[in-house]
Structures are given as structure tokens and as C-alpha cells.
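**Q** Below is the structure, and that's it, no one-letter string:
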């Protein structure tokens, strides 16, 4: 029996029901999904990059993803992640098939949780979650706010993301 | 029996208030209206926390600002906020409205409201209907406040995200376990300091109503 497929099916059904109850604000409710795993690991670091890399290392070592790239930009508010071959991609594809945009990424929830728990970030928000069914890569844009006064520091993230790509500002971790 | 359609149609969300306090007898009437809302199997899972203390209102206002501000900052950076306000032709005015939104200031108004009522539900009492019962009670609060000449606004955003809801519970000393109480919203109430344009545009009934079967617009 493929236990990962089984659990992804359970998650997809649960998220489908949850979306049916809450429509578009459903994504605001799921931020704790995934945190139990990462909180059981010894994530260390004194900066966002160190925390993110420590998370990626543990998540990759556990086989939940094949790897991940990240970049921080947009006045240090944009956290842009590319996650490769996550075990939850089938769950996301099943949702897309049912007409629901993916909204709950346990991997990102883990990273954001540790920014809050370890660096005392004020708040975070998962702004955009896209899944490429061809490559099984997820592209996620998050807003991360170290302090409350960072709220309202705006810029154009499409420019930021283009620069990240053009200047290859992607960072990753060898696991 | 009195027709209350005028009360329903003249109500609007008020976010600017005079500093005058809301008299206790009015607070009692508003709470009385809330507890007469419809409730599945008469469970009455609602509990209401009446907040007048300025320090507490400031904390709730800060949390509200944070909740709206983080989302709207991200939406602006993605370009989706701008689309919502394309209809404002004056670029300076549009920029100011957008700044007001993404800064989160749009949701800070409860600091100026002399009264806040938090609407929470006991999940262990409420069986299946807690969120729906709480929404019905909230509507009664809004209508009674309006009928008394007060202004009020239903605020859900700051308690919509799970972490924010926990912070909200901590401010008010509500047990934070996921199996205990649900916070559905708070209502900011006070004497109106603004006259909002009214009525705001509403969809025509023929765009909203089907007869006998979904999609059938022909009246039968």
C-alpha cells in the first residue's frame, strides 16, 4: 500500500471540505498544519537565512521534499520559495483537479512557524501558492514581518521576483 | 407585528465614532437583542465580552491593524489590491486610500469606539451550529445598535487567522484551546461621527434570486 498516497488523499478531502466551509479565507486558518514536525527538530539560527536553511535541511533529510531554493527581497518582506518534489504535490494536484486553488502548504507553514518561534517575527502571511504540474515544483510567495512597523512597506513583487531570477539570487542548502 | 425593513435597509457599517460613552441601558438592550437570536436546538452557545477599557481596545486595535495590514501589504505587493480600487480616478486619492488599507490603519478604528462586544461561542455547548448561531447574534447586535441611533461595525478580519485569534483570546483571557471557544468577531459600537453614503450599491434582486430551482430567474 502507498501510505503517502493514502494520506494525501485524506488531506485533499479534508481541505476540500474546509474550503467548502470557509471559501477564500480558509488559507488563514491552516498556519499550524505541519508545525509539529518542525517543532520536533532542533532548528537553530540567528538570522532568517539561517533559520530557513536549517528548516530546509531537516525537511529534506526527512524526505518530505527533494530540495528547496529561497530568496528574501522586497525590503526583506518577501520570502520567495521554490520547493521541489514535495510529497504533498499529489494532494495539491487533486485539489486543482477539483477546481480549488491550493492553499495549505505544510512545508511553508513549518518555515514561517520557526521564523516566529525562533526569531520572534511579529507575523507572516502566505500570499501566493502555485504548483507546476510538469515539474512538481511549488512556488510560494510569503510576506514576513520581523516587526510590526514593517507592515505597509510595499513594493512590486513581480519586479522583485524577476530580479531574483535574472540575477540568480536563489539560495539553497546542500543536504 | 412591526415591519423592520426600514431598520434593515438603513443600517450601514460605521467606523468613526464620537467619544461619548454608550449608556448602560443601551448596552443592556443590545445584549438582550443578541441573546434572542435564532440558535440550533436552543443551545445558545454564545458568550459576549463587553469591553470599554481603553487599554484593551488599543490592544485589539493594534491586533486588527496587524491582521489587515499583513494581508493587504502582500496583496498590494502582488498587485491585486490596486485592481480593487481602480474606480477611484484621482491618482492621489487612490494612493491615499491604498496606503490607508495596506498600512492596516483601516482596521484600527475600534480604538476610538467607546464600546466593543466580542462574540465568542462555547464549542462544547454548541453542538453543530456554533458559527451560524454566533453570526445570527452578531446581526441582532448590529440591528439593535442601529435602531438605537448608534453606529456599529462587524469586524472579523483580526480573528480570521489562527495565530491572530489566539492573540485575541489572550488579550481577553479567553481559554485558547482549539476545543473550547471560537471567536467569530467583535462589534465596534459608538455614536456615529460620520454620515456614510447610503445606500451602497446592492445587486438587484433578479440577479440574486432563483425560483423553484437553481438558475431559474422566471418568477412562478
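**A** Thanks, I have it. Not measured: the values here are computed from a predicted model.
**Q** how about the residues of chain B near chain A?
**A** Applying CB under 8 Å from any CB of the partner chain, we find that chain B lies next to chain A at B:62, B:65-66, B:69-71, B:73-79, B:99, B:102-104, B:160-164. All C-beta atoms are positioned from the backbone trio N, CA, C, and that covers glycine.
**Q** which of those count as buried?
**A** Among these, the ones that count as buried by 16 or more other CB atoms under 10 Å in any protein chain shown are B:62, B:65-66, B:69-71, B:73-78, B:102-104, B:160-161, B:163-164.
**Q** For stretch A:136-145, what does the pLDDT average out to?
**A** For stretch A:136-145, the mean per-residue pLDDT is 97.
**Q** All the helices of chain A, in order from the start?
**A** A:3-22, A:35-39, A:48-61, A:89-97, A:106-119, A:157-166 (DSSP state H).
**Q** On the C-terminal side of the longest strand seen in chain B, identify the next helix or strand.
**A** Longest strand of chain B, by residue count under DSSP state E: strand B:181-190. Per DSSP states H and E, the first helix or strand lying C-terminal to strand B:181-190 is helix B:205-208.
**Q** avg pLDDT for that next one?
**A** 95.
**Q** Please work out which residues outside that helix touch it.
**A** With CB atoms under 8 Å, 6 or more residues apart in numbering or on different chains as the test, helix B:205-208 has contacts from residue B:217.
**Q** and it, how far out from the chain's middle?
**A** Mean C-alpha position of helix B:205-208 versus that of the full chain (CA atoms, centre = their mean, to the nearest Å) differs by 25 Å.
**Q** Show me where chain B dips below the pLDDT cut-off.
**A** For chain B, applying pLDDT under 70 flags the ranges B:127, B:197-199.
**Q** switch the cut-off to 90
**A** B:1, B:84, B:87, B:125-129, B:157-158, B:194-201, B:220 (pLDDT under 90).
**Q** Dead centre of chain A: give me the residue that sits there.
**A** The C-alpha lying nearest the average C-alpha coordinate of chain A belongs to residue A:108 (CA atoms, centre = their mean; 2.2 Å).
**Q** coming back round to it: helices - which of the buried ones among the residues of chain B next to chain A land there?
**A** Secondary structure from DSSP H places B:62, B:65-66, B:69-71, B:73-78, B:102, B:163-164 of those in helices.
**Q** Looking at those residues, which one is closest to residue A:136?
**A** residue B:78 (23.6 Å; CB to CB).
**Q** show me what contacts the closest one?
**A** A:127-128, A:141, A:157-158.
**Q** by contact count, what packs against the worst-scoring helix or strand of chain A on mean pLDDT?
**A** Ranked by mean pLDDT, DSSP states H and E, the weakest helix or strand in chain A is strand A:171-172, scoring a mean of 90. Strand A:171-172 is packed against helix A:48-61, strand A:67-73, with contacts defined by 3 or more CB pairs under 8 Å, 6 or more residues apart in numbering or on different chains; DSSP states H and E.
**Q** quick one: strands adjacent to it?
**A** According to DSSP bridges, strand A:171-172 forms sheet pairs with strand A:67-73 (antiparallel).
**Q** And the partner strand, how far out from the chain middle?
**A** Distance of strand A:67-73 from the chain centroid (CA atoms, centre = their mean) equals 10 Å.
**Q** State the distance from residue A:172 to residue A:71.
**A** 10 Å (CB to CB, to the nearest Å).
**Q** ok, these two, which is more surrounded?
**A** Ranked by neighbour count (other CB atoms under 10 Å in any protein chain shown), residue A:172 and residue A:71 place residue A:71 first, with 23 against 15.
**Q** Who are the contact partners of that one?
**A** Residue A:71 makes contact with A:79-80, A:164, A:169-171, according to CB under 8 Å, 6+ apart.
**Q** Surely residue B:97 is within a strand?
**A** No - counting by DSSP: H, G, I helix; E, B strand; the rest coil, residue B:97 is located in no strand; its state is helix.
**Q** Next to chain B, which bits of chain A? Give me the list.
**A** Residues of chain A lying close to chain B by CB under 8 Å from any CB are A:25, A:28-32, A:74, A:77-78, A:116, A:122-125, A:127-128, A:141-143, A:145, A:148, A:151-158, A:160.
**Q** Where do the helices of chain B begin and end?
**A** B:5-10, B:24-35, B:54-78, B:80-84, B:91-102, B:130-147, B:162-172, B:205-208.
**Q** Would you mind saying which of those helices lies nearest residue A:84?
**A** Judged by CB to CB, the one of these that comes nearest to residue A:84 is helix B:54-78, at 23.0 Å.
**Q** What's the PyMOL syntax to select whichever of the residues of chain A next to chain B are buried?
**A** In PyMOL syntax, the buried subset of the residues of chain A next to chain B is picked out as below (16+ other CB under 10 Å):
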select buried, chain A and resi 28+29+30+31+74+77+78+116+122+123+124+125+127+128+141+142+143+145+151+152+153+154+157+160
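**Q** if I look at the residue nearest the centre of chain B, how far off is residue A:20?
**A** Most central in chain B under CA atoms, centre = their mean is residue B:154, positioned 1.1 Å from the mean C-alpha point. According to CB to CB, residue B:154 and residue A:20 sit 23 Å apart.
**Q** again with residue B:41
**A** 23 Å.
**Q** before we move on, what about residue B:47?
**A** 27 Å.
**Q** ok, those two, which is more surrounded?
**A** residue B:47 (15 against 10).
**Q** mind listing what the residue lying closest to the more buried one once chain neighbours are set aside touches?
**A** The shortest distance from residue B:47 to any non-neighbouring residue, by CB to CB, 6 or more residues apart in numbering or on different chains, is to residue B:120 (5.1 Å). Counting by CB under 8 Å, 6+ apart, residue B:120 touches B:46-49, B:134, B:174, B:181-184.
**Q** which one of the residues you listed sits closest to chain A?
**A** residue B:182 (11.3 Å; CB to the nearest CB).
**Q** Now for residue A:161: which residues touch it?
**A** Residue A:161 neighbours (CB under 8 Å, 6+ apart): A:73, A:78, A:80, A:141.
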